[in-house]
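> Model the following, please.
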Amino acid sequence: MKISNETKVGALTAIAITLLILGFNFLKGKTLFKTGNIIYAKYHDTKGILVSNPVYINGFQVGSVYDIENLDKNLSSILVSIKLKDYYDIPVNSIATIKDNPLGSASVVITPGTDKAFLHTGDTLLTSSSNGILGDVMNKLGPVTDQVKVTLHSLDSVLKNINTIFDPSTKNNMQQVIANMNRATASLAISSASIQSLLNAQSGAIAQSMANVNSFTKNLSDNNDKVTHTLTNLETATNNFSKADINGAVSNFKTAINNLNAILAKASSTDGTLGKLLNDKTLYNNLSNTIRSANILVDDLRVHPKRYVNISVFGKKDKSGPLMAPLNDSIQK
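As a prediction, the model looks like this:
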């Protein structure tokens, strides 16, 4: 039976659409048949979880969200299907929590329990709601808010106590105290005037002595801080000087001088290596001869290279004698 071209095109189109749907579901983490290790979790709020979102246990991705189904018309119970990559030993009292991420996709985090029995395919996890990042921040700010309230309450109590101190009777008492101080000040002013008139009546040496004493005490009063600072510095200096180890410092200085003299003596003698380097001219002469021989060798290699390396096929061998002294241009350089 001959198949028409239209039938072939239709069949190929159907196969292509089927493969496209299967590939799209595969990329989303879903397969055509609901197979594998699948467990469930019920939530009242999925917080934007989507199919193929990751599922973690202790930070390791153990699977992904396979499907999300609504169990009632009020959307009060939503069933999330979790497909695990392998058969893991997950305790039955483990808790699945949805963690939302403002900068990325949400995920399901399973906190393992301590039960010895483990979940099997088709079992349902225990769930709990997460406060999210904003909820965690508010929980941390709660104790701070309580402390601020306690502080404001204490401040209010202090202000009430201050208002109690400054009641009308206390204000009257303070006014009487100020009036008494004014009367005492007036009496002192009268006494001072009497003493001043008595001193004005004095003349000669007594008046001059009193003037000098007044000038001296005034200077002391004006420079009281400077005098105190000077005495403090003098006391500090004397304490430091008394604690200083003068004898030890002098002894160390003498020891250093003796060691320096010994080093200079060894450098001056011809017994040691340093003395031979400084006083014996043999090292200088040997070094000068070595440099001169090196210059001769370099000049001879540059002037007669065929004597050392002969790679010419048709050239003649250089039979001239070696250099016995460096060339003038190498000596000038």
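> Can you give me the domain boundaries for the protein?
1-32, 34-130, 281-333 (automatic domain parsing).
> so which of these is the most packed in?
Compared across the domains of the chain, domain 34-130 shows the largest average neighbour count, a mean of 15 (mean count of other CB atoms under 10 Å). In short, each C-beta sits where N, CA and C put it, glycine included.
> Off-centre distance for that one?
39 Å (CA atoms, centre = their mean, to the nearest Å).
> Ok, stretch 217-234 next?
48 Å.
> For it, buried residues please.
For stretch 217-234, burial by neighbour count (16 or more other CB atoms under 10 Å) applies to no residue.
> Distance to L159 and mean pLDDT for the domains of the chain - can I get that in TSV?
Listed next are the domains of the chain as TSV, based on distance: least, CB to CB, whole Å; pLDDT from 0 to 100:
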stretch	distance to L159	mean pLDDT
domain 1-32	64	73
domain 34-130	43	87
domain 281-333	93	68
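> Redo those as CSV? Include distance to A265.
What follows is those, written out as CSV (distance: least, CB to CB, whole Å):
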stretch, distance to A265
domain 1-32, 90
domain 34-130, 74
domain 281-333, 21
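> okay, stretch 294-313 in PDB with CA atoms only?
Taking Å, rounded to 0.1, in the frame of the first residue of the first chain, the C-alpha atoms of stretch 294-313 are listed here in PDB:
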ATOM      1  CA  ALA A 294      89.900  37.400  30.400                       C
ATOM      2  CA  ASN A 295      90.300  40.500  28.200                       C
ATOM      3  CA  ILE A 296      93.000  38.700  26.100                       C
ATOM      4  CA  LEU A 297      90.800  35.600  25.700                       C
ATOM      5  CA  VAL A 298      87.800  37.700  24.600                       C
ATOM      6  CA  ASP A 299      89.900  39.700  22.200                       C
ATOM      7  CA  ASP A 300      91.500  36.600  20.700                       C
ATOM      8  CA  LEU A 301      88.100  34.900  20.300                       C
ATOM      9  CA  ARG A 302      86.700  38.000  18.600                       C
ATOM     10  CA  VAL A 303      89.800  38.500  16.300                       C
ATOM     11  CA  HIS A 304      90.500  34.800  15.500                       C
ATOM     12  CA  PRO A 305      87.200  33.000  15.900                       C
ATOM     13  CA  LYS A 306      88.300  30.300  13.400                       C
ATOM     14  CA  ARG A 307      90.900  29.100  15.900                       C
ATOM     15  CA  TYR A 308      88.100  28.000  18.300                       C
ATOM     16  CA  VAL A 309      85.100  27.300  16.000                       C
ATOM     17  CA  ASN A 310      85.800  26.200  12.400                       C
ATOM     18  CA  ILE A 311      82.600  25.600  10.400                       C
ATOM     19  CA  SER A 312      83.800  26.900   7.000                       C
ATOM     20  CA  VAL A 313      83.800  24.300   4.200                       C
END
